[in-house]
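Peer 1: Structure here, sequence nowhere to be found:
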């Protein structure tokens, strides 16, 4: 029997997938829990339209990611922070400060999850990885200077 999943089901598929299951599994488990519905011709057409929409949306997002990474390529930002004479900061440079510096420099607001870094506690140059997926990564240089 072919069914359309309403939710992700472990070891079976993801929401919107059309999968083949045994009648008893559908009647006794999937249907009562609202995890799937029987695949009718009308519903299958609807699923195809949804998949086309999702593909178009993914392509649009990928184009946006490429545009953002192009702007970040070779980017250097300067963050001024209070420090001792020995070059140690009175506080650590966090992801939020890097996000704000990037936003000022190139007018792009990054999500905190995209910025992969250790907190900096000294003056100097530091590399920060901006990762928007496995293939979408770019390094930026953060120069920490004494205020």
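Peer 2: Arrived safely. All values reported here derive from a predicted model rather than from experimental measurement.

Peer 1: and the residue of the chain most remote from its centre, how far is that from residue 145?
Peer 2: The outermost residue of the chain relative to its centre, with distances by Cα atoms, centre = their mean, is residue 85 at 39.4 Å. Noted for residue 85: a distance of 14 Å to residue 145, by Cβ to Cβ, to the nearest Å. Yep, even glycine has a C-beta here, placed from its N, CA and C like the rest.

Peer 1: ok, residue 7 - contacts?
Peer 2: With contact set as Cβ atoms under 8 Å, 6 or more residues apart in numbering, residue 7 has these partners: 15, 34-35.

Peer 1: Any chance of CSV for those, columns pLDDT, neighbour count and secondary structure?
Peer 2: As requested, these are exported to CSV (pLDDT from 0 to 100; neighbours: other Cβ atoms under 10 Å; DSSP: H, G, I helix; E, B strand; the rest coil):
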residue, pLDDT, neighbour count, secondary structure
15, 88, 12, coil
34, 94, 9, coil
35, 95, 17, coil
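
Peer 1: for those, which one is nearest residue 66?
Peer 2: Proximity of these to residue 66 (Cβ to Cβ) peaks at residue 15, which lies at 27.0 Å.

Peer 1: Please tell me I have it right and that closest one contacts residue 34.
Peer 2: No: using Cβ atoms under 8 Å, residue 15 is not in contact with residue 34, being 11.9 Å away.

Peer 1: Strands along this protein, start to end?
Peer 2: 2-5, 18-20, 36-38, 76-81, 88-93, 115-116, 120-122, 124-131, 137-146 (DSSP state E).

Peer 1: Could you chop the protein up by domain?
Peer 2: Taking automatic domain parsing as the reference, the chain has its domains at 2-62, 68-146.
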